[in-house]
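Student: Show me how the following folds:
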Amino acid sequence: MKTPNKIVELMLTNDRFSNWLGLEVIHLEKGKVNLKTTVKEEMLNGFEIAHGGIAYALGDSALAFSANAHGKKAVSVETSISHVQKVFLNDVLTTEVNEVSLNHKIGIYHIRVINQYDVEVAHFKGTVYISVKEW
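Tutor: Down below sits the predicted model:
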């Protein structure tokens, strides 16, 4: 079985969007990853704040990496996000993952997206289906 680091490395190899986001893996273990990115100008919407898809994509990547780090291939089946604070140019966003529930088929995760001031800017919730395929 591959290590969590090797699994995420393999996932990132072909994940063009996560690479475009400039994701940096700060910490990784089974069921938990801390990701980091800095908001760039091309991530802003017409209101000069970060497009909601940026926090969503950060949460989605944290979900994928956290769930797959267990060694079985997992894909999301349901996700949602609540945006609770505005995100601005040059804000540094990180994720905090809580693996709420995990069994042989389903995993449930809550992910806080926080800024450089430790303020939660979004709360992402995700459910994954865990296949029998190993990494």
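Student: CA only for contacts and neighbour counts going forward, please
Tutor: Noted.
Student: residues contacting Val100?
Tutor: Residues in contact with Val100 (C-alpha atoms under 8 Å, 6 or more residues apart in numbering) are 107-110.
Student: Give me the longest strand you can find in the chain.
Tutor: Ranked by residue count under DSSP state E, the longest strand found in the chain is strand 120-134.
Student: residue nearest the centroid of the chain?
Tutor: What sits nearest the mean C-alpha location of the chain, by C-alpha atoms, centre = their mean, is Ala62, with 2.0 Å.
Student: and that one, how far is that from Ser76?
Tutor: 11 Å (C-alpha to C-alpha, to the nearest Å).
Student: got it, and Pro4?
Tutor: Taking C-alpha to C-alpha as the measure, Pro4 falls 18 Å from Ser76.
Student: Among these two, which residue is more densely surrounded?
Tutor: Shown here are Pro4 and Ser76; by other C-alpha atoms under 10 Å, Pro4 has more neighbours (23 against 17).
Student: Contact partners for the closest residue to the more buried one other than its chain neighbours?
Tutor: Excluding the flanking residues, the one nearest Pro4 by C-alpha to C-alpha, 6 or more residues apart in numbering is Ala69, at 4.4 Å. Ala69 sits next to 3-5, 7-8, 29-32 when contact means C-alpha under 8 Å, 6+ apart.
Student: Buried subset of those residues, written for ChimeraX?
Tutor: Per 16 or more other C-alpha atoms under 10 Å, the buried members of these correspond to this ChimeraX selection:
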select :4,5,7,8,30,31,32
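Student: Great, nothing more from me.
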